[in-house]
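1. turn this into a model:
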Amino acid sequence: MATEPTYTSSTERVQTWLDGRTLHIRFNNPARHNALSVDMWEAVPPLLDIARNDDRVRLVAFSGAGEKAFVSGADISQFEDMRAAREAVAYYEKMAEATLMGIYDFPKPTIAAIRGYCIGGGVNVAISCDIRIAATDSVFSIPAARLGLGYRYSAMKNLVDLIGPGAAQDLFFTARRIDAAEAKALGLVSRTAAPEALDALLAEYSAALAENAPLTVMAGKAITRQILKPSPELDMALCASLIRGCFESADYAEGRTAFMQKRKPVFTGR
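-> Residues are numbered from 1 along each chain as shown. Just a heads-up that it's a prediction; the model follows:
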């Protein structure tokens, strides 16, 4: 008899366990509102690699530890070291892209159960999932424009595919925060529940996916991905160049410094 695979995270800041047919992956950095550190990004792909071929797994659920946040963005304690130099930026972007696309391309359904802050990288994790549910106390924001960050093509495409270009540009250009009610109205999340009822709502999805035909569900996901594939006229080199220009700009240096100094940045467009 073949030994069933086990799930062990490479870091204590990502917790994982199998509950019935659902594999849970929980970001566990509550002291920093579950901000994503390097080890947290790196812990996710190996878990998905195991789950991909584990017939017990019908659903992968992402959540954040505690009651304050799903994911509040990047771990600022690593911000200067990991994102200041060109080489560090390239590594960080490659690592984050691999993790997010690993979630997006995972053949089985994925769900983000959001409570509290869902900011920046947290939104990216959530929109890489197939389904998003949120507690009514959740708060969403994409603050890249306040930091001078370049936003990857894949993240922008996921956002535009999900809520449309108008709503995506509204959130991205203004970097404003929205509550769970507006997120639901925009289509950023599918359903909301009172904070104390979020676990029950997640359990509802776990039960449905445990009962429904997995081949049908996975076929539906794969076909949806085909529908959303980009046009052959897409200029990926231009997209990469624009993002690189953001990270190499004086505005990015100013945004990073202002964030660390907790002051309002002064951008010059240089």
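
2. which SS state does Val60 fall under?
-> Secondary structure state of Val60, per DSSP: H, G, I helix; E, B strand; the rest coil, is strand.

3. run through the residues that contact it.
-> Counting by CB atoms under 8 Å, 6 or more residues apart in numbering, Val60 touches Thr22, Leu23, His24, Ile25, Leu48, Ala51, Phe106, Lys108, Pro109, Thr110, Ile111. Where C-beta positions appear, they are placed from N, C-alpha and C, glycine not excepted.

4. give me the subset of those residues that lies in helices.
-> Among the contacts of Val60, the members falling in helices are Leu48, Ala51 (criterion: DSSP state H).

5. low-confidence regions, the stretch 151-270 of the chain specifically.
-> By pLDDT under 70, the stretch 151-270 of the chain contains no weakly predicted segment.

6. need the nearest residue in space to the residue sitting nearest the centre point of the chain, chain neighbours excluded.
-> Most central in the chain under CA atoms, centre = their mean is Val125, positioned 0.8 Å from the mean C-alpha point. Nearest residue to Val125 in three dimensions, chain neighbours excluded: Val71, at 5.7 Å (CB to CB, 6 or more residues apart in numbering).

7. tell me who's in contact with that neighbour.
-> Phe27, His33, Asn34, Ala35, Leu36, Gly64, Tyr117, Cys118, Ile119, Gly121, Gly122, Val125.

8. just curious, which of these is nearest to Ala134?
-> Using CB to CB, Cys118 is the member of the contacts of Val71 that sits closest to Ala134, with 7.5 Å.

9. quick check: bridge partners of the closest one?
-> Under DSSP bridges, the beta-bridge partners of Cys118 are Val71, Phe140.

10. any idea how far it is from Glu233?
-> Using CB to CB, to the nearest Å, Cys118 is found at 33 Å from Glu233.

11. look at these two and report which has more neighbours.
-> Counted by other CB atoms under 10 Å, Cys118 and Glu233 do not tie: Cys118 has more neighbours, with 33 against 5.

12. confidence score at the more buried one?
-> On pLDDT, Cys118 comes in at 98.

13. wait, what's in contact with it?
-> Going by CB under 8 Å, 6+ apart, Cys118 touches Ala69, Phe70, Val71, Ser72, Ala126, Ala134, Ser138, Val139, Phe140, Ser141.

14. which single one of these is nearest to Gln226?
-> Nearest to Gln226 out of the contacts of Cys118 is Ala126 (CB to CB; 22.3 Å).

15. C-terminal to the helix or strand hosting that closest one, what's the next element?
-> Applying DSSP states H and E as the criterion places Ala126 in helix 121-128. On the C-terminal side of helix 121-128, the nearest following helix or strand under DSSP H and E is strand 131-135.

16. quick one: that next one to helix 121-128, angle?
-> 130 degrees (axes from the mean of the first three to the mean of the last three CA atoms, to 10 degrees).

17. what's stretch 235-242 in contact with?
-> For stretch 235-242, the external contacting residues (CB under 8 Å, 6+ apart) are Gly150, Tyr153.

18. and stretch 124-136, by the same measure?
-> Residues outside stretch 124-136 that contact it (CB under 8 Å, 6+ apart) are 36, 62, 70-71, 96, 100-101, 103-104, 109-116, 118, 155, 158-159, 162, 179-181, 183-184, 188-195, 198, 201-202, 205, 221.

19. do the same with stretch 18-32
-> With CB under 8 Å, 6+ apart as the test, stretch 18-32 has contacts from 7, 12-17, 34-37, 40, 44, 47, 51, 54, 56-66, 68-72, 75-77, 206, 209-210.

20. looking at those residues, which are in strands?
-> 14-17, 59-64, 69-71 (DSSP state E).

21. how about the nearest residue to Asp251, chain neighbours excluded?
-> Nearest non-adjacent residue to Asp251, counting by CB to CB, 6+ apart: Gly148, 4.0 Å away.

22. what is the neighbour count of the one you found?
-> Number of residues near Gly148 (other CB under 10 Å) recorded here: 21.

23. any idea how far Ala51 lies from Asp130?
-> 14 Å.

24. ranges for the strands of the stretch 151-270 of the chain?
-> 178-179, 191-193 (DSSP state E, counting those that start in this stretch).

25. got the contact list for Thr174?
-> Applying CB under 8 Å, 6+ apart, we find Thr174 in contact with Ala145.
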